[in-house]
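> Let me see the structure of the following:
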Amino acid sequence: MNNFFRRLKYYGIGFGIGLIFVLLLFQQKGCSWTPSNRVKSAILERIIFVDSLDEEFLTSNRISKESLKTFIENGTISFLKSKRNGSEKLYHFYGDLGELKSFNCIIAYREKSVVIDIDFEHTDFKEYIPLDGYAKPYLYKKKNWFAGKWELFNLNEIEPSNAPEKFSAMFLNNGLLNCHKSTLTGYNSITHFILKNRITKDHERQYHIKTIWFKEKLEIKDLSIIDIKRNK
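Prediction:
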C-alpha cells in the first residue's frame, strides 16, 4: 500500500510539472481549452466593428488589423477586472498593441450578437463606452456571413443562389452597422446593417437589413431596398 501511494505521489508531481510546462512554455499551442483561449477564440469567430472614434485611435497609433489580431491572440485577460455575468461580457485585455507597450482596453463580447467592439480609451469595465453612430466591420474571417429565406425578398439583380456571397462581399467591403437602431445586449439582439452596392457612377443601391445571430450566421429577418440616383 505504501508503494502504491508513493507511486501515486510521483505521478501527481510529474503531472503537475507537465501541466506547468504546457501552460507557461507552450501558451497558445496546446492550450485551447484554457478559459483565456476559449474567450479569445470566441472573439475572433465574430466580427470586430469600429466606429469613427475607434478609427481615429487606430490611425493615429498606426495599428494594423494584423497587430490588433496579434494583441487579442497573445494578450492577457484579467478575469478579476472583467465583467463576466450576463449576455454582454466585458473583458479586460492587456499586452503589446503595435508600438504601444503594456496597453490596456476593454473588449465587449455578446453571446447572441456577431458584434465585437473594443473600448480603446478605458480599462475599467464600469467606464465602458459602446459603439456610437455607424460602425464598420474591421477584423473578421472571410466567409459568407449571411443566411435567410432569399426567395421571400425582391433582390433585383441578385439571384437567391448567389445572395450569401454577394451580401457578404458588400458587407465586408462597405457595410455599416447602425449602432443606434441595433440592440446588442440581451438575449433577443437585433442588428441593423446598411449594405451599399454601386450600380453606376450616379446610381447607388442600398440594402437595409434587419438580422439576428443564429447558428453562427447573420440571418436576415427583414430587408428593404433604397435606390439613390444623383443628377448629372
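> in what helix or strand does Ile225 lie?
In this structure, Ile225 is located in strand 217-229 according to DSSP states H and E.
> So what's the residue count around the spatially closest residue to Arg230 that is not a sequence neighbour?
Nearest residue to Arg230 in three dimensions, chain neighbours excluded: Asp202, at 4.6 Å (CB to CB, 6 or more residues apart in numbering). Using the backbone N, CA and C atoms, a C-beta is placed for each residue, glycine as well. Applying the criterion other CB atoms under 10 Å, we find 11 residues in the vicinity of Asp202.
> Hmm, Asp202 is touching Lys229, no?
Yes: proximity of Asp202 to Lys229 meets the contact threshold set by CB atoms under 8 Å, at 6.1 Å.
> What count of nearby residues applies to Asp117?
26.
> separation between it and Lys69?
15 Å (CB to CB, to the nearest Å).
> ok, now Pro35?
In this structure, Pro35 and Lys69 are 20 Å apart, going by CB to CB.
> Which one's more surrounded, those two?
Taking other CB under 10 Å, Pro35 and Lys69 do not tie; Lys69 has more neighbours (13 against 10).
> The strand holding Ile225 pairs with which strands?
strand 146-147 (parallel), strand 203-214 (antiparallel) (DSSP bridges).
> buried residues in the longest one?
Meaning strand 203-214. By 16 or more other CB atoms under 10 Å, the buried positions in strand 203-214 come out as 205-207, 209-213.
> can you give me how far that strand is from the chain middle?
Centroid separation between strand 203-214 and its chain, computed with CA atoms, centre = their mean, to the nearest Å, is 19 Å.
> Give me the residues contacting that strand.
For strand 203-214, contacts defined as CB atoms under 8 Å, 6 or more residues apart in numbering pick out 112-114, 146-147, 156, 167, 170, 188-199, 218-230.
> before we move on, which element is Asn85 in?
Remark: Asn85 resides in no helix or strand, with elements defined by DSSP H and E.
> For burial, what's the neighbour tally of it?
There are 7 residues near Asn85, going by other CB under 10 Å.
> so what pLDDT did it get?
At Asn85, the pLDDT value in this model is 93.
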